[in-house]
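In: Show me how the following folds:
(one chain, ligands or ions: 1)
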Amino acid sequence: MSLVVATLSYHKIGSPPRDGWQTWNYTGSEEFAAQLNWFHQRGWQFLSAADVLSAMRAPSALPEQGVLITFDDAYDSLFENALPVLEKFSAPAVVFVPTQFVGSANLFDHGIEPLERIADWGTLAKLQKAGFSVESHGATHRGFSSLTPFEIEMELNASREAIRENLGVDSRLFAYPYGDSGADSGLVDLALQKAGYEAAFLYGGGIFKPSQNPAPFSLPRLAMGPDVDLDALLFQKNAL
Ligand SMILES: [Zn+2]
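Out: Take a look at the predicted model:
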């Protein structure tokens, strides 16, 4: 049997801010812990970004079932609400940061999601030290369908440079804002490669098997919210 990777895609752990409202993108800390426990109890191993990249190169080097935990938009509340749960499971994680909003808020979600603080570079450095891999979610958090090829290159390069400058690491993973990878996958793949990325994630979809040579710049993720039925979801996906 070959390695199955389930990539979980979360936004916010915990409750909305006092002046905010509940949306599906908030997973309560207890639900989050229960979801990680579901994997833990069934023998899935928590993978790091580096584990997944090496599995893409040599699938046999890893356990049969691995789970990669990712968070989009880099909310400040991750430090308080997600980190303690991750530490309980000794689980590494990935945070995808829209670099122009570091230390600011999710202004791109205006009217759709409550405004929340996005972590500043100091907090991202602390998360990095605690086992998070800080990766790119673009600079301005725009879907690629609305961008010119030049703007796509700018998003890929500017965000990667900001991460390198502030955290001293090269981002190897990318998550498309809104899961929107644009209309021309050939062009985007080439731009990602040129900028130095090794893999890119969509939002939604199922699991993937590194041994089946999945397209590295269109990897699926499981959209996670408080009510996700992992039994139903992963039984179906594994049965595929
Ligand atoms: Zn996002």
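
In: So which residue is smack in the middle of the protein?
Out: Against the mean C-alpha coordinate of the chain, by CA atoms, centre = their mean, the closest residue is T70 at 3.3 Å.

In: which SS state does that one fall under?
Out: Secondary structure, DSSP: H, G, I helix; E, B strand; the rest coil: T70 is strand.

In: Please report how far it lies from S218.
Out: Counting by CB to CB, to the nearest Å, the gap from T70 to S218 is 15 Å. (C-beta placed from N, C-alpha, C; glycine too.)

In: the strands in this structure, which residues?
Out: 4-10, 12-13, 26-27, 45-46, 65-72, 93-97, 132-136, 173-175, 199-201, 222-223 (DSSP state E).

In: can you put these in a markdown table and add mean pLDDT?
Out: Output for these, formatted as a markdown table (pLDDT from 0 to 100):
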| stretch | mean pLDDT |
| --- | --- |
| strand 4-10 | 96 |
| strand 12-13 | 97 |
| strand 26-27 | 96 |
| strand 45-46 | 96 |
| strand 65-72 | 96 |
| strand 93-97 | 98 |
| strand 132-136 | 98 |
| strand 173-175 | 98 |
| strand 199-201 | 98 |
| strand 222-223 | 96 |
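
In: if we compare the ones you listed, which one ends up closest to G182?
Out: Closest approach to G182 among the strands of the chain (CB to CB): strand 199-201, 11.1 Å.

In: Could you tell me the angle between whichever helix in the chain runs longest and strand 132-136?
Out: In the chain, with assignment by DSSP state H, the single longest helix is helix 149-167. Orientation check (axes from the mean of the first three to the mean of the last three CA atoms, to 10 degrees): helix 149-167 against strand 132-136 gives 150 degrees.

In: Can you name every helix or strand that helix 149-167 contacts?
Out: Under the contact criterion of 3 or more CB pairs under 8 Å, 6 or more residues apart in numbering; DSSP states H and E, helix 149-167 touches helix 121-129, strand 132-136, helix 185-195.

In: can we see that at 6 Å?
Out: strand 132-136, helix 185-195 (3 or more CB pairs under 6 Å, 6 or more residues apart in numbering; DSSP states H and E).
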